[in-house]
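Asker: Generate coordinates for the sequence data below:
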Amino acid sequence: MGVMAMPTMLSDFIFDDDYIRGLDIKSMFHANREDALMIAERVMHKAVLGKIRAPFPPLKNNWVQPGGPHYMGQWIWDTMFVVDLLSILPGKEQLIRDIFQNYWDFQDRWNDIVPEYAHDMITVTIKTFPQDVRLFSQIPILAWGLERVYRRNGDKKLLEQCLPRLEKWHNWYWRERDVTNIGLVTVASYSGDIQHARWETFDYECNMDDLQLHKHPTRRGEHEGKWYGNMWVTGNTSYLIMGEKSLARLAEEVGDTAMAARRKPFIDKAVKAMRDHMWDEEAGTFLSVKKDTMEKIPVATISSWVPLTAGVPTEAMAKRMAEVLATDSWQTPLPVPTVDRKDPRWNPRRFWRGDTWPPTNYQIASGLAAYGHTELAAKIADANVENAIKNGLSEHYDSISGEALGIRDYCMASTIATMMLDGLTSKYKLEIKK
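Answerer: Next up, the predicted model:
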């Protein structure tokens, strides 16, 4: 397909749907407070339905734009929080299938132009033409998002469409990010650009300040570059474990016990590796480690808490993590900051260096609640909902003042409603009407 001129206005992408225009969101929910209902209504209109876009090359199907005029493409991480809430609406099964199909279409295009070892990658974002193809991936959260959709709408056709492709992507992830077969993953980019590698995860985290890119430790060839990070990262390893668990459960749902069995060794190996190499009792959390020496990188960041969401810690580890999360280092007026407040690089407004984000707070609260630490989970979730009611939906926030930062009504702010719908909040109650 040839390169087309880039549209000049966001309206050129708008998805036209009479159902969306006439939808009465408030009638879908029960809430214990009017302000909870109002923020949920804004989430659905602005951060979910308002982010659906009409096809535009190379995206053959409707797609999800995160927000703002500069984010022109369908991301991995951002999109899953949209389809999660989109799936509570009736009659949106095909729309969601189309959104996922964009990833599989990319796999086909990618496989046509890369060596076999790189086959089946999914890029961080499927950019609209004429933007260049991104040569790196992102947080491996697609299987988690797929499971969220399936648990809400029961669409088995979606599972049949997605599971084989997801398994291929997960196999790529282990092959190209766990380069020494230890059970931990790094960040990397086939472009050789170090910032592109950081963009595979929470990109400006302090634990990656000393990141370097090296060649593959065993593979040799004239076109090999310095593509692979020299550290194992807690966040993406945790998300890959979480995704593998979702993939295994969904395989069981469709009767593919062989696929489920294939995924289990990856899960077991990675959980053991994280506990053995990343757990730090004194820090009370998981730390990223240097690849060659297995030395821990002595700074706790937001990705240190993602293992809770993935079910990685033992009960004793989770208890210790909850104790640390309850301290002043992490309980800023708007928790959870993206780096320990005692770190000298902490700044409450800086991108992944002290600010705070709804999706990570949602998933950390989910992890705490799963381990029984429901009061701390509710404290975090309630604070985030209350701040969004006061300061509006936004991409991220100042962790001290709560001021909205970044893009208003950004799609991942949809997790403000998800916190309530998942029962993580105490002060704010929201339920879907049956």
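Asker: use CA for all of it now, contacts and neighbours both
Answerer: Will do.
Asker: pretty sure Leu405 is in a strand, no?
Answerer: Yes - assigned with DSSP: H, G, I helix; E, B strand; the rest coil, Leu405 falls within a strand.
Asker: tell me the pLDDT at it?
Answerer: pLDDT, Leu405: 98.
Asker: Surely it touches Gly392?
Answerer: No - Leu405 is not in contact with Gly392 according to CA atoms under 8 Å; the separation is 10.2 Å.
Asker: Now do the helices for the stretch 251-400 of the chain: every range, in order, please.
Answerer: Using DSSP state H, counting those that start in this stretch, the helices of the stretch 251-400 of the chain run over 257-277, 306-310, 315-325, 358-370, 374-391.
Asker: I'd like those as JSON lines, with mean pLDDT appended.
Answerer: Formatted as JSON lines, the helices of the stretch 251-400 of the chain follow (pLDDT from 0 to 100):
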{"stretch": "helix 257-277", "mean pLDDT": "98"}
{"stretch": "helix 306-310", "mean pLDDT": "98"}
{"stretch": "helix 315-325", "mean pLDDT": "98"}
{"stretch": "helix 358-370", "mean pLDDT": "98"}
{"stretch": "helix 374-391", "mean pLDDT": "98"}
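Asker: These: which one's closest to Leu163?
Answerer: Among those, the nearest to Leu163 by CA to CA is helix 257-277 (9.1 Å).
Asker: Pull up the distance across stretch 132-139, start to finish.
Answerer: 20 Å (CA to CA, to the nearest Å).
Asker: and if you look at stretch 125-140?
Answerer: Rule used - CA to CA; the end-to-end distance of stretch 125-140 is 12 Å.
Asker: just stretch 225-243 next, same as before
Answerer: 28 Å.
Asker: how distant is stretch 425-434 from the center of its chain?
Answerer: Distance, stretch centre to chain centre, for stretch 425-434: 23 Å (CA atoms, centre = their mean, to the nearest Å).
Asker: Check stretch 69-77 too.
Answerer: A distance of 13 Å separates the centroid of the chain from that of stretch 69-77, by CA atoms, centre = their mean.
Asker: buried ones in it?
Answerer: Residues of stretch 69-77 classed as buried: Met72, Gly73, Gln74, Trp75, Ile76, Trp77 (neighbour count, 16 or more other CA atoms under 10 Å).
Asker: Pull the residues that contact it.
Answerer: 10, 63-66, 123-128, 138-142 (CA atoms under 8 Å, 6 or more residues apart in numbering).
Asker: picking up where we left off before, of all the helices of the stretch 251-400 of the chain, which lies closest to Ile39?
Answerer: Across those, closest to Ile39 is helix 374-391 (CA to CA), at 6.2 Å.
Asker: re earlier: inside helices: which ones of the buried residues of stretch 69-77?
Answerer: Members of these lying in helices (criterion: DSSP state H): Trp77.
Asker: wait, which of the buried residues of stretch 69-77 is closest to Val324?
Answerer: Closest to Val324, out of all of the buried residues of stretch 69-77 and judged by CA to CA, is Trp77, at 26.8 Å.
Asker: separation between that closest one and Leu184?
Answerer: Distance from Trp77 to Leu184, by CA to CA: 20 Å.
Asker: Give me the buried subset of the contacts of stretch 69-77.
Answerer: Buried among these (16+ other CA under 10 Å): 63-66, 123-128, 138-142.
Asker: The contacts of stretch 69-77: which two are farthest apart?
Answerer: Leu10 and Pro140 (28.1 Å).
Asker: about what we covered before: of the helices of the stretch 251-400 of the chain, which stretch is the most buried?
Answerer: helix 306-310 (a mean of 26; mean count of other CA atoms under 10 Å).
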